[in-house]
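Engineer: Sequence isn't available, so here's the structure alone:
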């Protein structure tokens with residue numbers, strides 16, 4: 001299945017602008033360190049192990065945003081290289097544990113770099129729509145993932161390897177949805193693909209635990225595929241349903257052990273196609 005290539009293209013420039021807006025809007029005390037506010041912004045612990053990977057991802061996001069803009073406006077390289085260079089240098093000069101958040105955001109506001117990014121995004125949206133997480137809330141996701149992991153943990157039909165694998169991939173999906181503007185849809189698509197491509201998952205498709213995972217994956221794939229128009233659903237969602245959900249629907253009709261609600265949800269999803 002070509003889920004990694006078929007889903008709608010991500011727009012890192014729009015995600016960069018979204019994250020910068022969040023950085024500039026979050027409430028903070030004048031003397032707070034960058035790490036403290038950054039941790040609050042991302043809802044993570046204020047520890048180097050948590051902060052530095054996310055802070056480093058900002059540099060990756062800046063580079064990805066620049067490349068995406070250059071893909072459509074190659075003649076404006078000098079203009080856009082200016083904001084790329086300025087943002088990169090500014091972040092390099094402000095260490096999360098040695099500088100204050102106010103100093104960082106004040107520096108980010110200098111010049112017209114943010115205005116140029118805004119204009120670039122306005123133009124870019126004619127070609128690359130901003131991929132957004134649609135219809136998912138963090139609270140619901142955390143609750144659903146916790147329930148799925150508990151079902152996986154207590155299942156007598158899954159191997160220890162498969163339990164560990166599914167737990168890890170589900171937690172990755174949850175984490176990357178929570179930090180979508182920073183990381184985009186690629187890690188989420190990758191985890192969905194990893195689960196679908198796992199041969200042990202396919203063999204256990206009729207179990208309660210895998211049935212729950214299947215419904216969750218369809219929900220997530222739908223959410224990160226929806227942009228501005230329902231008609232623009234990616235073909236990969238159809239592939240996901242037919243390849244991963246259909247076997248469960250067929251087998252669940254013959255298995256009274258499976259929860260009726262999940263059967264109905266799965267059949268309803270199929271009827272919407």
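Structural biologist: Received the coordinates, thanks. Keep in mind that this is a model prediction, so the values were computed, not measured.
Engineer: name the element residue 162 belongs to?
Structural biologist: For residue 162, the element it lies in under DSSP states H and E is helix 160-178.
Engineer: Could you name the helices and strands sitting against the strand or helix carrying residue 60?
Structural biologist: In the assignment (DSSP H and E), residue 60 maps to helix 48-72. Applying 3 or more C-beta pairs under 8 Å, 6 or more residues apart in numbering; DSSP states H and E, one finds that helix 48-72 makes contact with helix 12-25, helix 34-42, helix 77-93, helix 113-124, helix 180-183. Glycine gets a C-beta too; all of them are placed from N, C-alpha and C.
Engineer: Relative to residue 65, which of the ones you listed is closest?
Structural biologist: helix 12-25 (4.1 Å; C-beta to C-beta).
Engineer: wait, residue 204 sits on residue 210?
Structural biologist: Yes - using C-beta atoms under 8 Å, residue 204 is in contact with residue 210, at 4.8 Å.
Engineer: so what sits against both of those two?
Structural biologist: Counting by C-beta atoms under 8 Å, 6 or more residues apart in numbering, the shared contacts of residue 204 and residue 210 are residue 158.
Engineer: Please enumerate residues in contact with stretch 55-73?
Structural biologist: Under the contact criterion C-beta under 8 Å, 6+ apart, stretch 55-73 has outside partners 11-13, 15-16, 19, 38, 76-77, 80-81, 84, 87-88, 91, 96, 117, 120, 123-124, 127-128, 182-184.
Engineer: cool, and stretch 92-109?
Structural biologist: 20, 23-24, 28, 30-38, 48, 51-52, 55, 87, 90-91, 114.
Engineer: Could you turn the buried ones of those into a ChimeraX selection?
Structural biologist: Filtering the contacts of stretch 92-109 down to the buried ones (16 or more other C-beta atoms under 10 Å) takes a single ChimeraX command:
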select :20,23,28,33,34,35,36,37,38,51,55,87,90,91,114
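Engineer: Please give the centre-to-centre distance between the helix holding residue 60 and its chain.
Structural biologist: 14 Å (C-alpha atoms, centre = their mean, to the nearest Å).
Engineer: Show the average pLDDT along that helix.
Structural biologist: Mean pLDDT, helix 48-72: 95.
Engineer: So which bits of that helix are buried?
Structural biologist: Buried residues in helix 48-72, counting neighbours by 16+ other C-beta under 10 Å, are found at 51, 54, 55, 57, 58, 61, 62, 64, 65, 66, 68, 69.
Engineer: next one: stretch 154-166
Structural biologist: Quick answer for stretch 154-166 (16+ other C-beta under 10 Å): 155, 158, 162, 163, 165, 166.
Engineer: ok, back up a step: run the angle between the helix holding residue 60 and helix 12-25 for me.
Structural biologist: Inter-element angle recorded for helix 48-72 and helix 12-25: 130 degrees (by axes from the mean of the first three to the mean of the last three C-alpha atoms, to 10 degrees).
Engineer: can you list the weak-confidence ranges in the stretch 151-273 of the chain?
Structural biologist: Low-confidence segments of the stretch 151-273 of the chain (pLDDT under 70): 225-273.
Engineer: in it, which spans are helices?
Structural biologist: 160-178, 180-183, 186-197, 199-203, 208-225, 235-240, 246-252, 260-271 (DSSP state H, counting those that start in this stretch).
Engineer: now residue 154: how far from residue 142?
Structural biologist: In this view, residue 154 and residue 142 are 19 Å apart by C-beta to C-beta, to the nearest Å.
Engineer: ditto for residue 214
Structural biologist: For residue 214, the distance to residue 142 equals 19 Å [C-beta to C-beta].
Engineer: higher neighbour count, the two?
Structural biologist: Shown here are residue 214 and residue 142; by other C-beta atoms under 10 Å, residue 214 has more neighbours (26 against 12).
Engineer: wait, the more buried one sits on residue 206?
Structural biologist: No - in this structure residue 214 lies outside contact range of residue 206 using C-beta under 8 Å: 10.1 Å.
Engineer: OK, contacts around the residue nearest to residue 179 when sequence neighbours are not counted?
Structural biologist: In this structure, residue 179 finds its nearest non-sequential neighbour in residue 42, 6.1 Å apart by C-beta to C-beta, 6 or more residues apart in numbering. Counting by C-beta under 8 Å, 6+ apart, residue 42 touches 54, 178, 179, 182.
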